[in-house]
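K.L.:
Okay, here's the prediction I keep looking at, along with the sequence it came from:
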Amino acid sequence: MIDLDLSEQIAALRVTFGDISSVVDVEALRTEIDRLSEEAGVPDLWDDTVNAQRVTSALSHRQSELAKMTSVASRLDDLEVLIELANEAGDEESAEEARVELVNLQKVIGELEVQTLLDGEWDSYPAVITIRSGAGGVDAADFAEMLFRMYLRWAEKHKYPVTVMDTSYAEEAGIKSATFEVSAPYSFGTLSVEAGTHRLVRMSPFGAAGKRQTSFAAVEVIPLMEEAGEVEIPENDIRVDVFRSSGPGGQSVNTTDSAVRITHLPTGTVVSMQNEKSQIQNRAAAMRVLQSRLLLLQKEAEAAQKKELAGVITASWGDQMRSYVLAPYQMVKDLRTDYEEGNPSKVFDGEIDGFIGAGIRWRKQKTDD
């Protein structure tokens, strides 16, 4: 005989999911999908490639959002049926399946709840993330590459599209910097809480044995804004350098000098791009990121929000937002939220949703205060 009673937990989930549904407004979401579907069905849609990509991307994102909401509602109903069947049949296997599904639903609904907090002006946009090694020499370069892999693994686990735009390899090991785009619903709002200085403490594999090494890396996150295309940049304001793409150890990747570095002279903003095979494509991609950076700077200046957005990241002592300690003990701790994990290996393998969720809640609380 099994008397499995999860009614209290399920009731709590239904209340939370009801609050999420009211914020998301499922009916409005369906209406938006219908509108975008009509736009996507226009015969000459792809005559304007930029607009076509905007429409199809928005449609895909909205459909994904609706599918997730519909799936959760169905799974809640199915869970109650599963519990009822388990109790009637005295089936311990079904009871265990119900317990596992409850935990999974708690996680999914928790993630949806966090997403409802993403109501900033640019939160729904794709994100461009740049990681730079800081103080700490070769250990810092190696740490920057560890963070780079961590974010790529996180995106892979969520099946989020990623485009690596530029990677600058260090001479001995690791990377000097890397820039990549994550294109998924609310990428900027989600990943912007990762911006700041990250610190690593470990026994250095590069230095003298028995000594701990502290190194730093900076993470910058900006939104890739559609309206950035309206930002006009005079040719006299930029310097364009062309160079050969390179891999680890300086090995050539392309046989032509196709990589592009654009420097915006008035602000000193630099964008490098080597993902595409042609110089023209790399220049276009670099200009898109540069326009977004400049538009963000402009909006920050107008709204006096510089510290709330990208901020000044020095990647050195006194400025860190998260510590990754591998020796003498193992712990990853966010110094803003106090959220921590005791298994750094899992964190470096992309298990960072706990940190992101805590960061979003922390930011929302700071904003409300």
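P.N.:
Received it, and whenever you're ready, just let me know what you need. Please read these numbers as outputs of a predicted model, since none were measured by experiment. Residues are numbered from 1 along each chain as shown.
K.L.:
May I see the buried residues of stretch 32-52?
P.N.:
Of the residues in stretch 32-52, those with enough neighbours to count as buried (16 or more other Cβ atoms under 10 Å) are 32-33, 36, 52. From N, CA and C alone the C-beta is placed, and that goes for glycine too.
K.L.:
So which of those is the closest to residue 85?
P.N.:
Taking Cβ to Cβ as the measure, residue 85 lies nearest residue 33 of the buried residues of stretch 32-52, at 34.2 Å.
K.L.:
mind checking pLDDT for the closest one?
P.N.:
Model confidence at residue 33, given as pLDDT, is 95.
K.L.:
Let the chain start at 730 from now.
P.N.:
Taking 730 as the first residue, the last one we looked at is residue 762.
K.L.:
Next up, the contacts around it.
P.N.:
For residue 762, the contacting residues are 788, 791-792, 795, by Cβ atoms under 8 Å, 6 or more residues apart in numbering.
K.L.:
I figured residue 834 hits residue 742, correct?
P.N.:
Yes. In this structure, residue 834 sits in contact with residue 742. The criterion is Cβ atoms under 8 Å, and the distance is 6.1 Å.
K.L.:
Need the residues touching each of the two.
P.N.:
By the contact definition Cβ under 8 Å, 6+ apart, residue 834 and residue 742 are jointly contacted by residue 805.
K.L.:
helices or strands up against the helix or strand residue 1084 falls within?
P.N.:
Residue 1084 belongs to helix 1082-1097 when assigned by DSSP states H and E. Contact here means 3 or more Cβ pairs under 8 Å, 6 or more residues apart in numbering; DSSP states H and E; on that basis helix 1082-1097 packs against helix 821-844, helix 916-920, strand 1060-1063.
K.L.:
and the next element down the chain from the second one?
P.N.:
What it means is helix 916-920. By DSSP H and E, the next helix or strand past helix 916-920 is strand 925-932.
K.L.:
Over whichever helix or strand comes after that following strand, what's the mean pLDDT, rounded is fine.
P.N.:
Read in the C-terminal direction, the helix or strand following strand 925-932 is strand 941-952, with elements assigned using DSSP H and E. When the per-residue pLDDT values of strand 941-952 are averaged, the result is 92.
K.L.:
helices or strands up against the helix or strand just after strand 941-952?
P.N.:
Going down the chain from strand 941-952, the next helix or strand is strand 967-972, by DSSP H and E. Strand 967-972 makes packing contacts with strand 988-993, helix 1008-1032 when contacts are defined by 3+ Cβ pairs under 8 Å, 6+ apart.
K.L.:
can I get the CA coordinates of the following helix or strand past the last one in CSV?
P.N.:
Yep, that's helix 1008-1032 we're talking about. Downstream of helix 1008-1032, the first helix or strand assigned by DSSP H and E is strand 1049-1054. As requested, C-alpha coordinates have been extracted for strand 1049-1054 and formatted as CSV (Å, rounded to 0.1, in the frame of the first residue of the first chain):
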residue,chain,number,x,y,z
GLN,A,1049,35.7,40.7,-7.9
MET,A,1050,32.0,39.5,-7.9
ARG,A,1051,32.6,35.8,-7.8
SER,A,1052,35.4,33.6,-6.5
TYR,A,1053,36.3,30.1,-7.8
VAL,A,1054,38.5,28.4,-5.1
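K.L.:
Pull up the pairing partners for strand 1049-1054, direction included.
P.N.:
Strand 1049-1054 sits in its sheet next to strand 925-932 (parallel), strand 1060-1063 (antiparallel), going by DSSP bridges.
K.L.:
do you know which of these lies nearest residue 810?
P.N.:
With Cβ to Cβ as the measure, strand 1060-1063 is the member of the strands paired with strand 1049-1054 nearest residue 810 (39.3 Å).
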